[in-house]
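[1] Return atomic coordinates for the entry below.
(one chain, ligands or ions: 2)
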Amino acid sequence: MATRVRPSNKRCAVIGGSGFLGRHLVETLVDRGYSVSVFDIRQSYELPGLTFHLGDLCDEQALLPALKNASLVFHCASPAPASDDRELFERVNIQGTRTVIQACLEAGVQKLVLTSSASVVFEGKDIKNGQEDLPYARKPIDYYTETKIEQEKLVLQACDREKDFLTVAIRPHGIFGPRDPQLVPILVDTARRGKMKFIIGDGTNLVDFTFVENVVHGHILAAENLRPNSPICGKPYHITNDEPVRFWDFMSEVLVALGYAAPRFHLPYILVYGLALLLWLLSMILRPVLSFKPTFTPMRVALAGTHHYYSCDRAKQDLGYKPVVSLKEGIQRTVQSYPHLRKGA
Ligand SMILES: NC(=O)C1=CN([C@@H]2O[C@H](COP(=O)(O)OP(=O)(O)OC[C@H]3O[C@@H](n4cnc5c(N)ncnc54)[C@H](O)[C@@H]3O)[C@@H](O)[C@H]2O)C=CC1
Ligand SMILES: CC(C)CCC[C@@H](C)[C@H]1CC[C@H]2C3=C(CC[C@]12C)[C@@]1(C)CCC(=O)C[C@@H]1CC3
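    Ligands and ions are numbered 1, 2, ... in the order given. Model (predicted):
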């Protein structure tokens, strides 16, 4: 009988490793002596010693070579949340995640760490210091959230000690940092178009924004603590900066540091949310004849006007998690990394 080569526990694969979080994760893993293979539909950079596998995660045959000899897989691929393509979200986040699990089992992978999202419990209403035992959103606010819920359930339910296959999910919130393609670029684009003058609601709502290196730290701790007798098997973990901040103070700090004016005038939350909903409906109805993407989507308005911050006590207790970069330092490092987004640049 052929003996199966046991994969080295320092050999891992990062699915979605060309993305914002994925690339930060890959760079840290390489620094820590892991041998990493990256799987993505695109290649966005090169690093000495890194193997890239290009393909769609829905294609098991394309995935298998990337997982060969890996004992650990990080799955942090997803379509961009701003897309409203339901079919794409279902195909990649749900069907694709089934394929990832199947491929892991076939390749003899022992640990799967999923990047989920704290938004899986967010329904557009206030969440203050939310714990992991909050129920999944019954009315998810968009297709992204709807499919992230199903994806997380699939991965956590696949955890099986008998099969020597252990899983865990990390739920970050509002990731920011150098090379982020979403938060700061969208904010600056909105300011440049003169649309960042208004604060939605009274401006006191508290939110978590998490520096990308803390999210990476949470992922690696989860991977290294994932063992058959560990309490973390099959569980989700919030990873945040553990420093909830007023949404509008955070936005203003970033804008001012880049040379733009902070928003000053208040608009009632319910009015803006209603308008955003109307615009979204209009964009759906007119889609066959006219294509436009509103900046203020119902999801963004809900995120900008409600409290949504989460407790990471469970991660502190089970993973020994503690943020490694403070919010203040994270904002400084982020702003410095975007010279081209400064006013007048
Ligand atoms: N950015 C944020 O604030 C938050 C992100 N997340 C989650 O973190 C993960 C990473 O997000 P980001 O780095 O921000 O996004 P990103 O868009 O920068 O990275 C996602 C990567 O997935 C790849 N990808 C997409 N579809 C694929 C497919 N079919 N096959 C192979 N690769 C594919 C993309 O090419 C991209 O490189 C995602 O799962 C996201 O849901 C969770 C909470 C907050
Ligand atoms: C136009 C302004 C009112 C807002 C500009 C900033 C927003 C683009 C971001 C503020 C909170 C962010 C956020 C996400 C994306 C970018 C923001 C909406 C996520 C939806 C990304 C994916 C997740 O899993 C949850 C995030 C919550 C916070």
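[2] residues contacting the closest residue to ligand 2 within the stretch 101-250 of the chain?
    Shortest the stretch 101-250 of the chain-to-ligand 2 distance, computed as C-beta to the nearest ligand atom: residue-wise this is Ser117, at 3.2 Å. Just so you know, the C-beta spots here come from the backbone N, C-alpha and C atoms, and that holds for glycine as well. Each residue near Ser117 by C-beta atoms under 8 Å, 6 or more residues apart in numbering is listed here: Thr145, Lys148, Arg171, Pro172, His173.
[3] what sits against Tyr118?
    Quick fix: residue 118 reads Ala, not Tyr. When contacts are taken as C-beta under 8 Å, 6+ apart, Ala118 is in contact with Gly130, Arg171, Pro172, His173, Asp208, His238, Thr240, His308, Tyr310.
[4] for stretch 303-322, which positions count as buried?
    When burial is assessed from 16 or more other C-beta atoms under 10 Å, stretch 303-322 yields the following buried residues: 303-312, 314-315, 318-319, 321.
[5] Next: stretch 103-110.
    Across stretch 103-110, burial judged by 16+ other C-beta under 10 Å covers Ala103, Cys104, Ala107, Gly108, Val109, Gln110.
[6] for stretch 333-345, same thing?
    Neighbour-count burial for stretch 333-345 flags Arg333, Thr334, Val335, Tyr338, Leu341 (criterion: 16+ other C-beta under 10 Å).
[7] same deal with stretch 255-262?
    By neighbour count, with 16+ other C-beta under 10 Å as the criterion, the buried positions of stretch 255-262 are Leu255, Leu258, Tyr260, Ala262.
[8] so the second one touches Tyr338, yeah?
    Looking back up the chat, that one is Leu258. Yes. Counting by C-beta atoms under 8 Å, a contact exists between Leu258 and Tyr338, whose distance comes to 6.8 Å.
[9] in the longest helix along the chain, what counts as buried?
    Here the longest helix in the chain is taken by residue count, with DSSP state H as the criterion, and it is helix 269-285. The neighbour-count criterion (16+ other C-beta under 10 Å) identifies Tyr269, Val272, Tyr273, Ala276, Leu279, Trp280, Ser283 as the buried residues of helix 269-285.
[10] so which residue of the chain comes closest to ligand 1?
    Gly19 (2.0 Å).
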